[in-house]
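Enquirer: 3D model of this:
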Amino acid sequence: MKVLLLCVCSLLLTLPLPAAEAITFSGGATKLVMKEGRESVSLTGGATIGSGSMTLSADTIELGGEEYRYVSCTGSVLLTDEERGIVLTTRSLFYDRIEETVAVNGYVEIDDTANQVHASSFRLFYDIQRSIVELEVSVLLLRHTDRGPMVCQSDRLVFDRTAETLDMSGNARVAWDGDRYEAQRIEVDLESEEIVMKGAIKGVIGG
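Expert: Okay, the predicted model is just below:
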């Protein structure tokens with residue numbers, strides 16, 4: 001039997017999920033569909049959900065799929081993961097709670113406080129378990145160092161948060177400590193501050 005519940009007051013519930021962490025959620029207006037196979041939750045009016053160490057807030061949040069696996073957020077999206085030191089802002093976001101991946105198609109900014117990195121792009125894929133962030137289209141990454149900010153730009157960038165490495169490809173450029181490096185591909189080790197350039201290399205050092 002289909003059960004439809006409409007609420008215009010703030011709601012806070014916990015759903016026990018055997019396949020993933022439980023979700024806590026709240027919103028100004030909430031619609032729940034509990035029919036088996038069609039379970040869904042739609043939150044509007046300043047919606048917030050929490051799952052593990054992650055908190056998501058947005059104008060609208062929809063949860064669906066088996067065990068409420070999929071989370072779609074639109075409008076003023078803010079993702080905060082205090083355990084991993086991640087803060088992400090965008091207009092639209094998709095989160096797979098089972099695969100633990102975050103996908104953004106549109107302008108996005110991400111702060112990694114653990115690695116002192118701030119980045120922006122127009123496409124993002126974040127594999128939470130592997131600690132890999134993939135950025136595409138007009139990528140800009142800023143890294144704080146003792147020798148001043150390291151400015152990295154490219155068409156595509158893969159950031160391994162655990163290894164603290166950047167793999168930049170397509171019009172890759174790095175500006176740091178008065179030096180400039182350009183190549184088709186640039187690899188940066190953020191811990192050792194080693195830069196490796198490959199393909200059509202040019203730059204200025206000691207400038």
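
Enquirer: And this protein, split by domain according to the record?
Expert: 1-70, 100-207 (automatic domain parsing).

Enquirer: From the chain's centre, how far out is the last one? Work that out for me.
Expert: What it means is domain 100-207. On the basis of C-alpha atoms, centre = their mean, to the nearest Å, domain 100-207 sits 15 Å off its chain's mean C-alpha point.

Enquirer: Name the residues of stretch 55-66 that are buried.
Expert: Buried residues in stretch 55-66, counting neighbours by 16 or more other C-beta atoms under 10 Å, are found at 56, 57, 58, 59, 60, 61, 62, 63. Bear in mind the C-beta positions are built from the backbone N, C-alpha and C, glycine included.

Enquirer: now, the most widely separated pair of these?
Expert: Using C-beta to C-beta, the buried residues of stretch 55-66 reach their maximum pairwise distance at 59 and 63, which is 15.0 Å.

Enquirer: quick revisit: take the domains of the chain and lay them out in TSV including mean pLDDT and distance to residue 87.
Expert: Shown next, in TSV, are the domains of the chain (pLDDT from 0 to 100; distance: least, C-beta to C-beta, whole Å):
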stretch	mean pLDDT	distance to residue 87
domain 1-70	64	10
domain 100-207	91	4
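
Enquirer: Just say which of those domains is most tucked in.
Expert: Among the domains of the chain, domain 100-207 has the highest mean neighbour count (mean count of other C-beta atoms under 10 Å), at a mean of 17.

Enquirer: one step back: please render the domains of the chain as a markdown table that adds distance to residue 77 to the earlier fields.
Expert: Shown next, in a markdown table, are those (distance: least, C-beta to C-beta, whole Å):
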| stretch | distance to residue 77 |
| --- | --- |
| domain 1-70 | 4 |
| domain 100-207 | 8 |
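
Enquirer: Among the ones you listed, which comes closest to residue 86?
Expert: Nearest to residue 86, of all these, is domain 100-207, at 6.1 Å by C-beta to C-beta.

Enquirer: give me the beta-bridge partners of the spatially closest residue to residue 109 that is not a sequence neighbour?
Expert: Leaving out its chain neighbours, the residue that sits closest to residue 109 by C-beta to C-beta, 6 or more residues apart in numbering is residue 120, at 4.7 Å. As for beta bridges, residue 120 partners with residue 109, residue 140 under DSSP bridges.

Enquirer: Distance-wise, check residue 120 relative to residue 164.
Expert: Shown here: residue 120 relative to residue 164, a distance of 19 Å by C-beta to C-beta, to the nearest Å.

Enquirer: same question, residue 81
Expert: Distance, residue 81 to residue 164, using C-beta to C-beta: 18 Å.

Enquirer: same deal with residue 185?
Expert: 18 Å.

Enquirer: What of residue 199?
Expert: 23 Å.

Enquirer: Equivalent analysis for residue 61, please.
Expert: Distance from residue 61 to residue 164, counting by C-beta to C-beta: 32 Å.
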